[in-house]
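>>> could you work out the structure for the sequence below:
(one chain, ligands or ions: 1)
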Amino acid sequence: MPRIFFEKQSYTCQGNESVLDCLTSHGVPIPSSCRSGICQTCLMRAVEGEVPLAAQQGLKETLRVQNYFLACVCKPTNDLKVALPDAEVGARTRVTVLAKEVLGGNITRLRLGCTLPLDYRPGQFVQLHRDDGLVRSYSIASLPQLEEPLELHIRRLPEGRMSGWIHDILKTGDTLEISGPTGQGFYLPGQPDQGLLLIGTGSGLAPLWGIARDALEQGHTGPIHLYHGSRDASGLYLINELLELAEQYPNLSYTPCLSGPNIPKGFAAGRAEQVAFSHLPKLTGWRVFLCGHPTMVATTRKKAFLTGASMKDIYADPFVIAADSIKPAA
Ligand SMILES: Cc1cc2nc3c(=O)[nH]c(=O)nc-3n(C[C@H](O)[C@H](O)[C@H](O)COP(=O)(O)OP(=O)(O)OC[C@H]3O[C@@H](n4cnc5c(N)ncnc54)[C@H](O)[C@@H]3O)c2cc1C
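Coordinates of the predicted model:
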């Protein structure tokens, strides 16, 4: 009978037991709710061993390739070593600031060197831990296959504790800790002709810069449309690099969008998502990546679905403000 290895203990699956039933019957607390493969509360990851296909039904492809599965419908036929998603992303690695560079008015690029190789995909995000316990998420812009150092783009927020500290205090040679990576918004090969629509605001360009370059590196031949939006031109960055990339790869189109009153030549007028939908009114069959302002991400996600994109093809990373940043009322 197959055994389940979880947190240094092993448990034997009796009869037709699922991984969830096996673990909970031994008193192991695994979050669960519907117990029928719908709600995905009991999401786990197989660290070793093969997961039955039925245990991955309904999961996004990005989760499947990382061996995530639903414990309630997973009836293993072989031994499995499993972990909860949180346990996996909780491990911390110390990194060194290799370079710090201002990319635009309020965006700083950090290049970080990891002592241990980090297994990540461009577009995922890491948690950055300051030594006093402050933790924030930042998306990954670099490509591991090009051996680029881990690249993050940090937008300074007014009175932002982590972003202000990164802009003003953190310097080359300093060290800090990261955990992760996590997140499902990354490029997966397999449908090289599919249209890719990427929309980001502010530092939401970070994951999109990674995803677009990753897709091109992996030979994507379908159209890739990237829209980057801000109120004024000082909020946009990597403009020349993106224009050069679009010249090098004819299937890449890049549109910088400005929603403020002054629109210089070469920029589209309007919010990034409005401009995108005016160019691409039907998204049937497209894969969509949305990153940045939470309101933009939520409304665009809905609209992308209503204009034909399948929910499983929409990847959304709203840059929500951390709960601990809400100031108590005076
Ligand atoms: C998945 C994910 C990926 C992300 N990726 C990136 C990225 O690539 N780049 C990036 O720059 N950011 C990213 N973020 C956002 C990032 O994690 C931080 O939230 C951001 O940097 C702000 O952190 P901070 O500590 O500087 O600001 P905080 O100290 O958390 O403050 C945030 C803002 O809230 C304001 N504020 C606090 N309380 C109130 C209140 N009661 N009312 C009104 N305003 C208030 C503060 O003044 C400040 O402007 C991401 C977030 C998520 C969830």
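>>> distance check, residue 216 against the ligand.
For residue 216, the distance to the ligand (CB to the nearest ligand atom, to the nearest Å) stands at 20 Å. Backbone N, C-alpha and C define where each C-beta goes, glycine included.
>>> element containing that residue?
Here residue 216 is covered by helix 205-217, with elements defined by DSSP states H and E.
>>> counting by contacts, list what that helix packs against.
Under the contact criterion of 3 or more CB pairs under 8 Å, 6 or more residues apart in numbering; DSSP states H and E, helix 205-217 touches strand 135-139, strand 150-155, strand 196-201, strand 224-230, helix 239-248, strand 287-292.
>>> can I get the ones you listed in CSV with distance to residue 187, mean pLDDT and mean neighbour count?
Supplementary listing: the helices and strands packed on helix 205-217 in CSV, determined by distance: least, CB to CB, whole Å; pLDDT from 0 to 100; neighbours: other CB atoms under 10 Å:
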stretch, distance to residue 187, mean pLDDT, mean neighbour count
strand 135-139, 14, 91, 22
strand 150-155, 16, 97, 23
strand 196-201, 8, 98, 28
strand 224-230, 10, 97, 26
helix 239-248, 15, 98, 14
strand 287-292, 9, 97, 27
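>>> what's the model's confidence in stretch 294-304, averaged?
pLDDT averaged over stretch 294-304 equals 95, rounded to a whole number.
>>> show me what from this structure comes close to the ligand.
By the criterion of CB under 6 Å from any ligand atom, the positions of the chain lying close to the ligand are 125, 136-139, 153-155, 157-164, 203, 206, 317, 319-322, 325-327.
>>> now the residue of the stretch 101-250 of the chain at minimum distance from the ligand, what are its backbone angles?
Ranked by CB to the nearest ligand atom, the top residue of the stretch 101-250 of the chain for proximity to the ligand is residue 160, at 2.4 Å. Backbone torsions of residue 160, given as degrees, to the nearest 10, read phi -70, psi 130.
>>> could you do the one 4 residues further on as well?
Dihedral pair for residue 164: phi -70, psi -40, per degrees, to the nearest 10.
>>> what's it in contact with, if anything?
With contacts defined as CB atoms under 8 Å, 6 or more residues apart in numbering, the neighbours of residue 164 are 156, 157.
>>> can you list the low-confidence ranges for the stretch 1-150 of the chain?
Along the stretch 1-150 of the chain, the model assigns pLDDT under 70 to residues 38-39, 86-91.
>>> what distance do you get for the residue nearest to residue 32 when sequence neighbours are not counted to the ligand?
Leaving aside its chain neighbours, residue 32 sits nearest to residue 42 (4.1 Å; criterion: CB to CB, 6 or more residues apart in numbering). Look at residue 42 and the ligand: by CB to the nearest ligand atom, they are 22 Å apart.
>>> in contact with residue 42, which residues?
Remark: with contacts taken as CB under 8 Å, 6+ apart, residue 42 is in contact with 20, 30, 31, 32, 33, 35, 70, 71, 72.
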